[in-house]
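Visitor: below: sequence and its predicted model.
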Amino acid sequence: MSGPELKSISKAEFVVMECIWKHSKLDSKGLASVLDGKVDWHENTIRTLLLRLVKKGFVSRENIGRSFRYRAVIPRSTYVSQRIQICTDELFEGNSARLLETIISNAFISESDIRNLMTVLDQKQGRLLRSSLTRVAMRQK
């Protein structure tokens, strides 16, 4: 896994993070408004979750008058990548191909999804091939 390992976050904290990732910067009232109808949380609960996320290093807060504005410190892609790597390590002994095989075998995948996956795999294969050719060329010099 590359980079420092992130602390884990609860499902409730993840719900808050999804809103912050989607809306960039929010204060607790704005977050409560975004979450209204999705969860039945009091604004104090949201503030508590935000404080936990600040302490874990996922969110920073900026003092704006009598309130705070929160923004993500950890990009969603970084969090998702590390969670997938943890899952791969724990369930598949670090073997990403086995993880992909399991997902593909157990999920409905449309023809469009298959074409997209093939494109990604072709690009990955091309990068690996170019990297190998570059290494061989460097050795010949």
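Guide: Yes, it's here.
Visitor: longest helix of this structure?
Guide: Assignment by DSSP state H gives helix 111-140 as the longest helix of the chain.
Visitor: tell me the SS of the most centrally placed residue in the chain?
Guide: Per CA atoms, centre = their mean, the C-alpha nearest to the average position across the chain is that of V80, at 2.4 Å. Using DSSP: H, G, I helix; E, B strand; the rest coil, the structure places V80 in helix.
Visitor: what about it, distance to L53?
Guide: 16 Å (CB to CB, to the nearest Å). Every C-beta, even on glycine, is put in place using the N, C-alpha and C of the backbone.
Visitor: do D89 as well
Guide: Separation of D89 from L53 (CB to CB): 24 Å.
Visitor: and what of L117?
Guide: Distance of L117 to L53, given as CB to CB: 33 Å.
Visitor: repeat that for S24.
Guide: 15 Å.
Visitor: okay, these two: which has more neighbours?
Guide: Counted by other CB atoms under 10 Å, S24 and L53 do not tie: L53 has more neighbours, with 25 against 10.
Visitor: mind checking pLDDT for the more buried one?
Guide: Among the per-residue scores, L53 shows a pLDDT of 96.
Visitor: repeat that for K124.
Guide: K124 is assigned a pLDDT of 85 by the prediction.
Visitor: low-scoring pLDDT stretches of the protein, where are they?
Guide: 1-5, 130, 133, 136-137, 140-141 (pLDDT under 70).
Visitor: where along this protein do the strands fall?
Guide: Using DSSP state E, the strands of the chain run over 25-27, 59-64, 67-72.
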